[in-house]
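Trainee: got a predicted model here, sequence first, then my questions.
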Amino acid sequence: MANLIDRMVRASKLDVNLYEEVEADKGAMGQAIAVVVLSSVAGGIWSIGSLGISGLIWGTLFTLISWVLWAFLIFLVGTKLLPEPQTKSDMGELLRTTGFSTSPGVLRIFFFVPLLNVAILFVTVVWMIIAMVIAVRQALDYKSTWRAIGVCVIAFITANILSWLIFVVLQIPNPFMPSS
């Protein structure tokens with residue numbers, strides 16, 4: 001457990017060496033998944049206010065689906081559409097590095113704090129995107145941070161659109177919008 005917490009702190013500090021470490025450590029997949037689940041549950045807390053306890057479930061599910069789609073799309077865009085000559089990666093490397101990049105999202109557990117919830121949302125989302133860029137740059141062996149930013153943005157927008165479409169098609173209540 002101490003190793004997991006240490007890695008989460010290092011990931012949150014945007015420690016490039018941590019991302020290289022988990023990229024190479026095939027045994028870190030369980031930890032990466034644990035980080036994503038913790039971050040997703042913390043993200044699901046936001047929607048309790050709009051949907052009650054079911055909001056926690058739907059918000060957590062939406063956050064998990066969005067991450068899975070984002071990681072998969074990063075793999076496709078980063079290795080197939082926009083690779084650099086030295087790019088060599090597999091889905092496991094990307095899942096481990098991007099999983100740890102969600103570490104700052106655990107702070108979303110404090111969404112319930114009045115007057116701070118919007119600031120916490122903004123800070124954690126920006127922080128996770130920056131961590132994701134670093135994770136992607138390291139996992140895809142990019143020399144260009146700008147390329148990693150481009151891959152993350154393209155995949156982020158696409159993943160969120162697909163996530164919302166899944167919720168609309170399945171007629172699941174929007175976990176992040178107040179109900180009418």
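Mentor: Great, that's in hand.

Trainee: work out for me the element the spatially closest residue to Ala32 that is not a sequence neighbour sits within.
Mentor: Using Cβ to Cβ, 6 or more residues apart in numbering and skipping residues adjacent in sequence, the residue nearest Ala32 is Gly99, 2.9 Å away. The way it works is simple: take the backbone N, C-alpha and C, and place the C-beta from them, glycine included. Using DSSP states H and E, Gly99 maps to helix 91-100.

Trainee: hmm, who's touching that helix?
Mentor: 7-8, 11, 18-19, 22-23, 25-26, 28-29, 31-33, 35-36, 67, 70-72, 74-75, 78, 131-132, 135-136, 138-140 (Cβ atoms under 8 Å, 6 or more residues apart in numbering).

Trainee: which of the residues you listed count as buried?
Mentor: Buried by 16 or more other Cβ atoms under 10 Å: 7-8, 11, 18-19, 22-23, 28, 31-32, 35-36, 67, 70-72, 74-75, 78, 131-132, 135-136, 138-140, out of the contacts of helix 91-100.

Trainee: Pro85 is in contact with Ser144, correct?
Mentor: No: the pair Ser144 / Pro85 is not scored as a contact, 11.3 Å apart, by Cβ atoms under 8 Å.

Trainee: quick one: low-confidence parts of the protein?
Mentor: 1, 49-50, 173-180 (pLDDT under 70).

Trainee: quick one on the thing from earlier: have a look at Ser144 and Pro85 and say which one is more surrounded.
Mentor: Taking neighbours as other Cβ atoms under 10 Å, Ser144 and Pro85 compare with Ser144 leading, 11 against 7.

Trainee: how about the contacts made by the more buried one?
Mentor: So Ser144 contacts Glu84, Arg137 (Cβ under 8 Å, 6+ apart).

Trainee: closest to the centroid, which residue in this structure?
Mentor: Computing the C-alpha centroid of the chain and ranking residues by Cα atoms, centre = their mean puts Thr102 first, at 4.4 Å.
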